[in-house]
Structure formats: structure tokens, C-alpha cells
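1. would you be able to build a 3D model of this:
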Amino acid sequence: MALESRIWGSVPFAAMVLVECAEIGVSTISKAAMSRGMSHFVFIVYYNALGTVLLFPYFIFQRNKRAPLNCKLICRFFLLGLIGSSGKILFFTGVKYSSPTLSAALANLTPIFTFLLAVAFRMEKLDLSQPSGQAKSLGTIISVCGALVVTFYKGPAVLMASLPHSGFKNQHIHSEHSAWVFGGLLLAIQCIVSSSWNIAQAATVKDYPEEMTIVFFYTLFLTIQCSVISLFVEWKNPSAWKLELGIEMVAILYAAIFVSVFRIGVHVWCLHKKGPVYVAMFKPLGIAIAVAMVVIFLGDALYLGSVIGSVVIAFGFYTVIWAQIKEKKTVPDNEVQRLESSIQRAPLLPTDVTEV
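-> Now for the predicted structure:
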């Protein structure tokens with residue numbers, strides 16, 4: 001039983017690591033598709049529409065088993081979709097003007113914003129007098145500092161890739177500074193939107209714990225909202241809606257499966273099981289994954305700054321994990337102490353109270 005409990009306890013950890021790998025893959029492949037002329041507005045609509053179709057059978061088959069829906073819940077789903085559509089447009093526009101590497105680096109701002117919002121809305125407790133609270137705060141700062149090291153300190157090459165350099169690096173070098181700053185600004189704003197989405201999603205799951213139903217309506221409303229925006233933006237360019245076989249189709253299929261279905265489903269489930277800060281704290285891991293993908297798939301070299309930054313990120317990451325494990329162990333101990341104290345103050349209570 002203990003082994004089985006440990007295995008199931010590690011499922012959220014493994015799932016969130018896979019989510020980060022999938023997210024970096026989506027930003028990379030979408031950059032390739034957009035560099036070949038695909039509209040990022042149309043891309044968002046198509047892959048979310050396909051994701052809605054993939055989720056529709058579950059919604060139909062589970063209609064008699066899930067909790068009833070009401071107008072208030074539908075409005076909350078619509079609001080989630082509105083926040084999500086804003087975040088998607090900001091993210092892919094930022095990637096278009098910058099690069100997947102910058103998006104992975106700036107995504108590490110999400111833990112800070114989420115942590116502050118969670119504390120503000122009393123969804124997360126921060127007690128700096130406790131070692132766990134100090135470790136959680138310190139781990140967040142260390143992780144973000146590691147991401148900054150990866151981004152801004154390159155250093156000498158420690159591993160030369162055998163693959164030829166791809167066009168991504170050339171695009172990064174020759175991109176205009178104004179476009180790079182504009183893309184970074186959009187990505188930074190997207191981090192704030194993403195943090196707000198985490199908080200709103202956690203509150204929704206708390207009131208309606210049907211994760212996949214929330215995912216279905218979120219994806220449906222996001223598709224509708226982005227379709228309206230895309231029609232307005234691309235109304236003079238009807239050819240933008242035409243798809244060609246190749247990287248564009250692959251990008252849509254990949255994003256529909258790993259973003260609209262897998263990533264959102266795992267996020268909602270982990271938000272329900274672990275809370276918003278736990279989900280956001282996996283963001284610093286994304287920059288290390290991005291470095292690995294650059295070396296393996298894009299043929300870039302591995303530099304000293306990437307190695308140092310990745311080690312710092314891992315240290316901060318596991319510091320936060322330790323803090324959360326520490327908090328879980330502390331809560332039962334405190335409950336036992338409070339129970340024993342109440343029994344001592346009320347000795348006339350039956351002795352079997354301690355067995356409850």
C-alpha cells in the first residue's frame with residue numbers, strides 16, 4: 001500500500017514535467033509554422049476547434065454522470081475562455097516576434113505572479129516564520145534567477161552540436177531589436193494573464209470538480225472567442241484560413257492534442273489536487289527543457305550559461321517541492337496536537353474520540 005501510494009503521489013509530478021515538454025514543443029513547432037506565413041490567429045482557432053471536437057465524445061458520454069450545470073457556471077466557463085483566449089493571442093504573437101527560447105525564459109515570471117495572487121486571494125498560505133514558507137519563497141526567487149542566467153549569460157560553448165544550425169538561430173540574431181522587445185513585452189503580459197487563469201481555474205474547480213467538463217467548455221468558448229477576433233483581424237486576408245499539408249497541419253494536430261486536451265486536462269487536474277502554485281512552479285523547468293530541445297532538435301551548441309542556469313533552476317525547483325512536502329507533513333502533526341490539547345482540556349469526553 002505504501003509503494004502504491006508513493007507511485008500515485010508521483011503522478012502529478014510526472015504529468016507536469018510532460019506538460020512542460022509539450023509546451024516547449026508547441027512553441028517551437030508553431031514558430032516554424034508562423035515563419036512560413038501561417039497566421040497565429042488562425043492557428044489558435046484551428047487547433048482549439050480540433051481540441052473541442054476531440055473532447056466532445058467525452059462530454060456526450062458523461063452527460064448523465066456529471067453534476068448539473070447552471071447559468072452561473074456557464075458564465076464562469078465563458079470568463080475562463082476569455083482569459084485563455086487573451087493569453088493565447090498574447091503568447092503566440094510574442095513568439096512570432098521573438099523566439100520560443102524567450103517565451104520559455106519569461107514564462108518563469110508566472111510563478112511569482114501566481115504566488116502573489118494566490119496569497120492575495122487566500123488560496124495559499126505564506127508563513128515566513130516557518131521553514132517551509134521560507135523555502136517556498138526562496139525556491140521561487142532562485143528558480144527565476146536561474147532562468148535569467150540561462151537567458152542573459154551565454155558563456156563559452158561546452159558542447160558543440162553535430163547538427164547544422166537551423167534558421168531559428170539566424171532569426172534570433174538578425175531580428176530587429178524593437179520587434180524583440182515588443183515580443184518580450186507581450187510574453188510578460190501573458191504571464192500575468194496566465195497567473196490570473198490559474199487562480200480563476202482553481203476557484204472554478206473547487207466549486208465544480210468536474211475537470212474534463214470544465215476543459216471542454218473552456219476550449220469551446222476559447223474557440224468561439226478567438227474565431228470572432230480572427231475574423232475581424234483577417235477579414236481582408238481570406239487566404240490566411242487556407243491550410244497546406246506540411247508543418248502547418250502538423251502544428252495544428254500537435255497543439256490540439258498536447259495543448260487543448262492533454263495540457264489543459266493535466267493543469268485542471270493538478271490544480272484540483274495540488275493547487276495553483278504547484279502548477280506554476282513547474283515553469284522554471286521549461287527553460288531547461290528548451291535548452292535541451294535547442295541542442296537536440298535545432299542543432300545549437302550548449303553553453304556554460306545554460307548549464308549553470310539549469311542547475312540553479314533545478315535547485316530552486318526541488319527546494320519548493322521540499323517545502324510542499326514539509327507542509328503536508330506538518331498539517332497532520334498540528335491536527336493531532338490540537339486534538340490532544342482539546343482532550344486534555346475536556347477530560348470528560350469519551351476516550352474513543354481519539355479514534356475518530
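2. quick one, helices of the stretch 101-250 of the chain?
-> Using DSSP state H, counting those that start in this stretch, the helices found in the stretch 101-250 of the chain span residues 110-120, 131-152, 167-174, 177-207, 211-233, 247-255.
3. output those in TSV; the columns should cover distance to residue 13, mean neighbour count and mean pLDDT.
-> Placement of C-beta: from N, CA and C, glycine included. Shown next, in TSV, are the helices of the stretch 101-250 of the chain (distance: least, CB to CB, whole Å; neighbours: other CB atoms under 10 Å; pLDDT from 0 to 100):
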stretch	distance to residue 13	mean neighbour count	mean pLDDT
helix 110-120	16	20	75
helix 131-152	15	20	78
helix 167-174	30	12	46
helix 177-207	17	18	82
helix 211-233	18	21	91
helix 247-255	23	19	91
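4. for this structure, name the helix or strand with the lowest mean pLDDT.
-> helix 167-174 (a mean of 46; mean pLDDT, DSSP states H and E).
5. if we can go back for a sec, to residue 102, which of the helices of the stretch 101-250 of the chain lies closest?
-> With CB to CB as the measure, helix 177-207 is the member of those nearest residue 102 (5.9 Å).
6. quick one: that closest one to chain centroid distance?
-> Put simply, helix 177-207 sits 10 Å off its chain's centre (CA atoms, centre = their mean, to the nearest Å).
7. same check, this time on stretch 208-220
-> For stretch 208-220, the distance to the chain centre is 16 Å (CA atoms, centre = their mean).
8. show residues contacting it.
-> 48, 51-52, 55-56, 58-59, 62, 66-67, 69, 73-74, 77-78, 80-81, 84, 201, 204-205, 260-261, 264-265, 268-269, 272 (CB atoms under 8 Å, 6 or more residues apart in numbering).
9. which of these are buried? Put it as a PyMOL command.
-> To isolate the buried ones among the contacts of stretch 208-220 in PyMOL, judged by 16 or more other CB atoms under 10 Å, type:
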select buried, resi 48+51+52+55+59+73+77+78+80+81+84+201+204+205+260+261+264+265+268+269+272
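10. now residue 264: closest residue in space that isn't a chain neighbour?
-> residue 215 (4.9 Å; CB to CB, 6 or more residues apart in numbering).
11. which ones are touching residue 142?
-> Counting by CB under 8 Å, 6+ apart, residue 142 makes contact with 312, 313, 315, 316, 319.
12. surely the last one touches residue 139?
-> Yes - with contacts defined as CB atoms under 8 Å, residue 319 counts as touching residue 139 at a distance of 3.4 Å.
13. residue ranges of the strands in the stretch 251-356 of the chain, please?
-> For the stretch 251-356 of the chain, the strands defined by DSSP state E, counting those that start in this stretch occupy 302-303.
14. that one: helices as residue ranges?
-> 264-273, 276-280, 283-297, 304-345.
15. between the ones you listed, which gets the lowest average pLDDT?
-> Of all the helices of the stretch 251-356 of the chain, mean pLDDT reaches its minimum on helix 304-345 (a mean of 65).
16. from residue 311, how far out is the residue lying closest to residue 156 once chain neighbours are set aside?
-> Distances taken as CB to CB, 6+ apart put residue 304 closest to residue 156, at 5.4 Å, once the chain neighbours are dropped. Per CB to CB, to the nearest Å, residue 304 is found 11 Å from residue 311.
17. for residue 194, same thing?
-> 26 Å.
18. and residue 91, by the same measure?
-> Residue 91 is 27 Å from residue 311, by CB to CB.
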